[in-house]
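J.: kindly generate the corresponding structure for this input.
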Amino acid sequence: MLAVLGIVALGLVLRAVWPSGPAPAAAPAPTTSATNRPSFRRTSSGKLVKATEPRLDPTLALDLLKQSEQSKYAGKGRNIFANGQIEIPEVKRPKEVADTTPPPPPPPPPINLKFFGFASKPGEPKRVFLSQGEDVFIAGEGDIVDRRYRVLHISPGAVDIEDVMNNNRQSIPLTQG
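T.: Take a look at the predicted model:
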């Protein structure tokens, strides 16, 4: 059984080494009309110049050197080798009428606290419930709420509050809820 497997393996190896089909045909040669016609390319300035084929010959091509010697730099009038500033022509702009009054200062941001009740016991100083969003605060006169607002005065229908950061005072009425 091993001898049969060895013969099959040897046959596969020999088949892989020696090609069994005919040799592939050579690629067709390019037509002579395409090789006789010189090709051109455009330079960055838009001029048509004769395209040169890449060469592997290391000899110096004097005709190409002469051709490059005859080209002249024609830039935009700026000499990159000269030291100094370029004169820029002045553009006349219409005079604008300046408004001499300063703009009014922006209004201070509103105080977002809501007053919704009292938290006082008899004989103690007045205290109120204040809310901002889902946060609820209990504060008395002179207390600072939310590290920003100071309770100035508590009356039966409203609370006077000062925004310490913006020096803004506002009276917040009692809300029904």
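
J.: in the protein, where is pLDDT below threshold?
T.: For the chain, the stretches flagged by pLDDT under 70 are 19-38, 53-55, 73-79, 84-88, 97-98, 176-177.

J.: which residues of it fall in strands?
T.: Ranges of strands within the chain are 40-42, 48-50, 114-118, 127-132, 135-140, 144-145, 149-154, 158-163, 168-173, based on DSSP state E.

J.: would you format the ones you listed as TSV with distance to Asp57 included?
T.: For glycine as for every other residue, the C-beta is placed from the backbone atoms N, C-alpha and C. Converted to TSV, these look like this (distance: least, CB to CB, whole Å):
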stretch	distance to Asp57
strand 40-42	21
strand 48-50	18
strand 114-118	92
strand 127-132	86
strand 135-140	86
strand 144-145	90
strand 149-154	89
strand 158-163	86
strand 168-173	87
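
J.: what would these look like in a markdown table with mean neighbour count and distance to Pro108?
T.: Formatted as a markdown table, the strands of the chain follow (neighbours: other CB atoms under 10 Å; distance: least, CB to CB, whole Å):
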| stretch | mean neighbour count | distance to Pro108 |
| --- | --- | --- |
| strand 40-42 | 10 | 66 |
| strand 48-50 | 10 | 72 |
| strand 114-118 | 16 | 18 |
| strand 127-132 | 18 | 17 |
| strand 135-140 | 14 | 20 |
| strand 144-145 | 16 | 17 |
| strand 149-154 | 18 | 12 |
| strand 158-163 | 19 | 7 |
| strand 168-173 | 15 | 4 |
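
J.: go through those and name the closest to Ala9.
T.: For the strands of the chain, distance to Ala9 was read as CB to CB. The smallest value, 57.6 Å, belongs to strand 40-42.

J.: what does that closest one contact?
T.: With CB atoms under 8 Å, 6 or more residues apart in numbering as the test, strand 40-42 has contacts from Leu48, Val49, Lys50, Ala51.

J.: what's the answer for stretch 148-166, then?
T.: For stretch 148-166, contacts defined as CB under 8 Å, 6+ apart pick out 108-109, 111, 113, 115, 126-128, 130, 139-145, 168-174.

J.: could you do stretch 109-117 as well?
T.: Residues contacting stretch 109-117 (CB under 8 Å, 6+ apart): 128-133, 137, 145-146, 149, 158-159, 161, 163, 166, 168, 170, 172-175, 177.
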